[in-house]
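**Student:** Using only what follows, build the 3D model:
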Amino acid sequence: MHIFISPLKADAVYEVTATSLSSPTAGTGSYETIITDTIIDNYQEIFLKDALTYAPSIILNSSGTPGRLTDFSIRGARSSQNLVLVDGIYLNNPATGGNVDLTDYLNADLQQVEVLPGPQNLAYGPGALGGVVQLIPKKGQGKPSLNATAEGGSFRTLYGTTTAQGEEGPLQFSLTAAGFKRGPASFTNRLHGNRQSDHYKNGTFSSRIGYALTDNWEIEGLIRYINGKVQFDEPQSIPEKKVCLPFSSKNFTHIQTLLASFENKWGSETIDHSLKVAYSRFQRSTQMPSDHNATLGEHPVLFYKSEIKLNSQNTLMGGLETGQERARDKQLHKRSHGGIYLIHTFKPFDPTAIKGGIRVDRYQFIGNQITFNIGIDQKLTPTTLFRTSVGTNFKPPFLSDLFQEGLWQVPNPDLKPEKSHSFEIGIDQLFLENKAKVSLTGFLTHIDKITLSRQVAPTKWQRVNGAKRKTRGLEIAISLKLIQNLEFSSAFTLTHARDFPGDKESPLIPTFKGAGGLYWQAQPKLSFFIQGYGVSAQKDSVTKRKLAPYGIIHVGGAYDIIDSISLFGRIENLTNKRYEELFGYGTRGRAFYIGLETKL
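**Tutor:** From the prediction side, this is the model:
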C-alpha cells in the first residue's frame, strides 16, 4: 500500500503538490493521494491501474487481463465522468464518449501519480464530476544517468524499460522507452468454457525536456506516445445461461495515442505565469469478423495561468483556456470551447486557510456553464487539521454521443450536460511524534442528468439524459512508520451509491474496498513487500448479477547484487484466487516474475 495524503504536515497548514503552478490554492478543503515513482518501483508496479488500485477513492473494473478495457470510478462517477491528465494534457477521448482506458498506460516514465477526489474543476476544467487523476512524467534531475530494466515471467510476459535523465547546466531532460508483451493468456473466465489464449503488446515512448533561459524564465516540451495491440473475445449469446459471454474469436484492437505540449513559464517573487499549448490524439481501430470500426479523437488546447501573491494573507490564481474537440469516424465532428476562472485563497490567521473560486465555461452547442468551489482548512492543533469543501461541476455531452452514428448507435444532438454537487468533510491526525497518520473523509456526491443508452430499435441504441446517482461514503487512510526501515499503509472505503429513478443499487461500486501494504528494507541491499486488496460483492453492469467478493495478495522483494545491478521478483495473486471484476471476464491467476535492473 502506498499513499501519501496531503495537506497535513507538522509545521504547515496545508500542502498540495498537484496544482497547476505548484500553488497551495487548489487543494484547500480536500486531500489528495500521491503515488511517487519510488513507491511504484518498491512495489514493482508496471501499469497505472496496478498503482491506482491502492488509492482509497478509486474502484477499478477490468474486462480481462492486461490489454483489455479497464474502467474506473471515483466516488460513484465512472471514468467518462472524471478527468485524467498527463501534466495538464487531456486523456479523455472525445471520439469514444470521453472514456479513459487505463490499461495502456505504463508507469515507466512517471515521476508521480496524483488522485484528487471531489470538486476539482476550477483549475483543471469541466468533466471532473468525481475527481481528477493527474500523471506527472519524470523531470531530469542531478547528474545524467541511464537506467534499464528487463523482466519476464508467467503467461510469456516480457517487459523492459530504458530511461536516460539528468541535468546539464540550464538543460534538463528525461527520455524513456518501454515495451510490454504478454500471451497467450485468456481474457475470459475459463469457468464459462472459453479456453482461447489472447495476446497483448504495448510500446511507449516519453520525453520531457526543459531549458532555463534565465533564473525566472523556463521553456519545456513533453511528448508521450503509446502503441498497443490486443486480441480479444467477442460476446456471444448463451440461451441456457440467459447471458452474453465472451468466447473465442479473432478480434483485434489497435490503439495509438499521442500527447504533446509546449510550455513557457516565467515570473518573479510575487507573480508566476504559464502559457501552454497541448495536443492529444487518440487513434483506435477494431477489427472483428463481422465489422471494422475506426475512430480518431483530437483535442488541441491553449492554456494561460497566473498566480499572484498579493500579501501574506491573500493569493489569487486565475487562468483561461480555449480549445477544440474533434471526433472522426465516417464523418468529422468538432466543437470549440473556452473557459475562465479565478481562485482566491485567504489566510486570515496562521492556522486558517479559506479558498473560494468561480469558473465560467462555454461549449459550442451547449452555451455557458458556471461552477464554483469553496474550501476551508483549519489547523486545530499542531497535529490536527480539519477540512471541508463544497462545489459544483458539469460534464458536457461528448461528440460521439451527440453526432456519431455507428452500427448500433443513433446520435442525439439534444443531449444536456451532466451536473454534479459535491461535499466533503474530513480530519487529518498525526500520532506518535508524526510517525503515524490517520485521515478520515466523509463525502456526498449527487450527479444529475446522467447519460444512458436507450434502445430505440431492435439493434439500435441512443444516448439520453435520464438518471440520477446519489453517492455517500467514508474514506480512511492510515500510514505508519514506527521504525526507519518498515513502512505500513492501508486505506478503506465505504460507499453507498444508488441510482434513480427506482432507488437501485449502482453497478460496479462495491460497498467496501480495503487495501494495505507493508514495505521492509531488511538490509541496505535487501527489501521485501506484501500487498493486499479486496472488495465486497458488487452488481455487474450488464447482467445485473452479483459478482462475488474477493481478496488478493502480492508478495515480492529485491536484492542489490552490486551497486549498479539489482535482482527483483514477485508473486502476484499468491493464493491463486479466481475472481471477476466484470461478469464473464477472467483475471490473473497466480503468476511469477523475475527481473534485473541496471543503473549507470
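
**Student:** and the one residue sitting closest to the centre of the chain, what are its bridge partners?
**Tutor:** Centroid-nearest residue in the chain: residue 133, 3.9 Å away (criterion: CA atoms, centre = their mean). Applying DSSP bridges to residue 133 gives these bridge partners: residue 84, residue 115.

**Student:** close enough to count as contact, it and residue 86?
**Tutor:** No. Under the criterion of CB atoms under 8 Å, residue 133 makes no contact with residue 86, lying 9.8 Å away. Backbone N, C-alpha and C define where each C-beta goes, glycine included.

**Student:** And the contacts of stretch 514-528?
**Tutor:** 1-2, 42-43, 53-54, 56, 485-493, 529-535, 555-560 (CB atoms under 8 Å, 6 or more residues apart in numbering).

**Student:** do that again at 6 Å, thanks
**Tutor:** 1, 42, 54, 485-492, 529-534, 557-560 (CB atoms under 6 Å, 6 or more residues apart in numbering).

**Student:** Ok, stretch 491-509 next?
**Tutor:** With CB under 6 Å, 6+ apart, stretch 491-509 has contacts from 3, 56, 61, 73, 76, 467-477, 512-515, 538-539, 541.

**Student:** Would you map the strands across the stretch 501-600 of the chain?
**Tutor:** Using DSSP state E, counting those that start in this stretch, the strands of the stretch 501-600 of the chain run over 504-505, 512-523, 526-535, 538-539, 546-547, 550-562, 565-572, 591-599.

**Student:** Tell me which strands the fifth one pairs with, and in which orientation.
**Tutor:** Strand 546-547 has the following sheet partners, assigned by DSSP bridges: strand 538-539 (antiparallel).

**Student:** quick one, phi/psi of residue 334?
**Tutor:** phi -150, psi 160 (degrees, to the nearest 10).

**Student:** so how many other residues sit close to it?
**Tutor:** As a burial measure, residue 334 scores 14 neighbours (other CB atoms under 10 Å).

**Student:** any idea of the mean pLDDT in the host helix or strand of residue 260?
**Tutor:** Element membership for residue 260 (DSSP states H and E) is strand 243-267. Strand 243-267 comes out with an average pLDDT of 82.

**Student:** List the strands paired with the next helix or strand after that strand, with their directions.
**Tutor:** Next helix or strand after strand 243-267 toward the C-terminus (DSSP H and E): strand 271-288. Strand 271-288 has the following strand partners under DSSP bridges: strand 243-267 (antiparallel), strand 291-309 (antiparallel).

**Student:** Can you point out the buried residues in the shortest one?
**Tutor:** Of all the residues in strand 291-309, those buried under the rule 16 or more other CB atoms under 10 Å are 295, 296, 297, 298, 299, 300, 301, 303, 305, 306, 307, 309.

**Student:** Would you format the residues you listed as a markdown table with pLDDT and distance to residue 382 included?
**Tutor:** Formatted as a markdown table, the buried residues of strand 291-309 follow (pLDDT from 0 to 100; distance: CB to CB, whole Å):
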| residue | pLDDT | distance to residue 382 |
| --- | --- | --- |
| 295 | 89 | 54 |
| 296 | 93 | 54 |
| 297 | 94 | 49 |
| 298 | 96 | 50 |
| 299 | 97 | 45 |
| 300 | 98 | 47 |
| 301 | 98 | 42 |
| 303 | 97 | 38 |
| 305 | 96 | 33 |
| 306 | 96 | 33 |
| 307 | 96 | 28 |
| 309 | 95 | 25 |
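
**Student:** which two from those residues end up farthest apart in space?
**Tutor:** Greatest spatial distance in the buried residues of strand 291-309: 295 and 309, 44.8 Å, computed using CB to CB.

**Student:** where exactly do the helices run in the protein?
**Tutor:** Assigned by DSSP state H, the chain shows helices spanning 37-42, 48-52, 121-124, 399-402.

**Student:** and the third one, C-alpha only, in CSV?
**Tutor:** So the one you mean is helix 121-124. Output of helix 121-124 as CSV, limited to C-alpha atoms (Å, rounded to 0.1, in the frame of the first residue of the first chain):
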residue,chain,number,x,y,z
ASN,A,121,-13.0,21.6,-11.8
LEU,A,122,-11.7,25.2,-11.2
ALA,A,123,-8.1,24.8,-12.3
TYR,A,124,-8.5,21.6,-14.3
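
**Student:** quick check: mean pLDDT across that helix?
**Tutor:** 82.

**Student:** Show me what that helix is packed up against.
**Tutor:** Contacts defined by 3 or more CB pairs under 6 Å, 6 or more residues apart in numbering; DSSP states H and E place helix 121-124 against no helix or strand at all.

**Student:** right, so the strands of the stretch 501-600 of the chain: which one is the most enclosed?
**Tutor:** strand 538-539 (a mean of 21; mean count of other CB atoms under 10 Å).

**Student:** Just list whatever residues bridge to residue 301.
**Tutor:** residue 278, residue 323.

**Student:** does it really touch residue 278, like I thought?
**Tutor:** Yes. With contacts counted by CB atoms under 6 Å, residue 301 reaches residue 278, the gap being 5.0 Å.

**Student:** And residue 433, how close does it get to residue 488?
**Tutor:** 16 Å (CB to CB, to the nearest Å).

**Student:** between those two, which one's more packed in?
**Tutor:** In terms of neighbours (other CB under 10 Å), residue 488 is the more surrounded of residue 433 and residue 488; the figures are 17 against 8.

**Student:** mind checking pLDDT for that one?
**Tutor:** Looking at residue 488, the pLDDT reads 94.

**Student:** before we move on, what about residue 506?
**Tutor:** For residue 506, pLDDT reads 94.

**Student:** Also residue 493?
**Tutor:** 96.

**Student:** Residue 576: which of the strands paired with strand 271-288 is closest?
**Tutor:** strand 243-267 (21.8 Å).
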